[in-house]
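Student: return atomic coordinates for the entry below.
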Amino acid sequence: YAKAVYAEIGGPGIASANFDMRFSNKEDGVGGRIGIGGFSLSDNFSGHTTIFTVPAGVNYLLGKDGKNYFEIGAGFTYVGGSSKDEFNSENFSSSFGNLTLGYRLSPTNGGFMFKAQITPVFARGFFIPYYAGLGFGYKF
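Tutor: Numbers count the residues shown, from 1 in each chain. As a prediction, this is how the structure comes out:
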């Protein structure tokens, strides 16, 4: 079963570390991902905000040369966090869905892994069709 670990900027986890694996003993086909991510923002006016993300999803890799794949997928991301300023402190949580369409470099014998994708995100009341992500890691 092909597996990969990678860091991703953008994409469903915003800024995340991820694990991906195929669900059969093939290099292509159906697989899934789970990750953990987050970031923190601070300024003198609005205080401090911390965001925590957990992206999860299924994907399908299409390719014949054992190295270059077209990736399609769907998933959701849990988002939790806290916001603090000098007067208030607030915790929040939400989630959003996503689709994935992109390129993945994933050599059969393992090694450097790269992915670039368009990742439309959506939830009740919003849709961002042109969101994107880049991932770099190791396939084994």
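
Student: you'd agree N59 is up against I72?
Tutor: Yes: with contact defined as Cβ atoms under 8 Å, N59 counts as touching I72 (6.7 Å). The C-beta positions use only the backbone N, C-alpha and C, and glycine is treated the same way.

Student: who has more neighbours, the two?
Tutor: N59 (22 against 15; other Cβ atoms under 10 Å).

Student: next, the residue of the chain most remote from its centre: secondary structure please.
Tutor: Residue farthest from the centre of the chain, counting by Cα atoms, centre = their mean, is F87 at 33.8 Å. Three-state assignment for F87 (DSSP: H, G, I helix; E, B strand; the rest coil): coil.

Student: quick one: it from S42, how far?
Tutor: 16 Å (Cβ to Cβ, to the nearest Å).

Student: one more: G32?
Tutor: Counting by Cβ to Cβ - G32 and S42 are separated by 34 Å.
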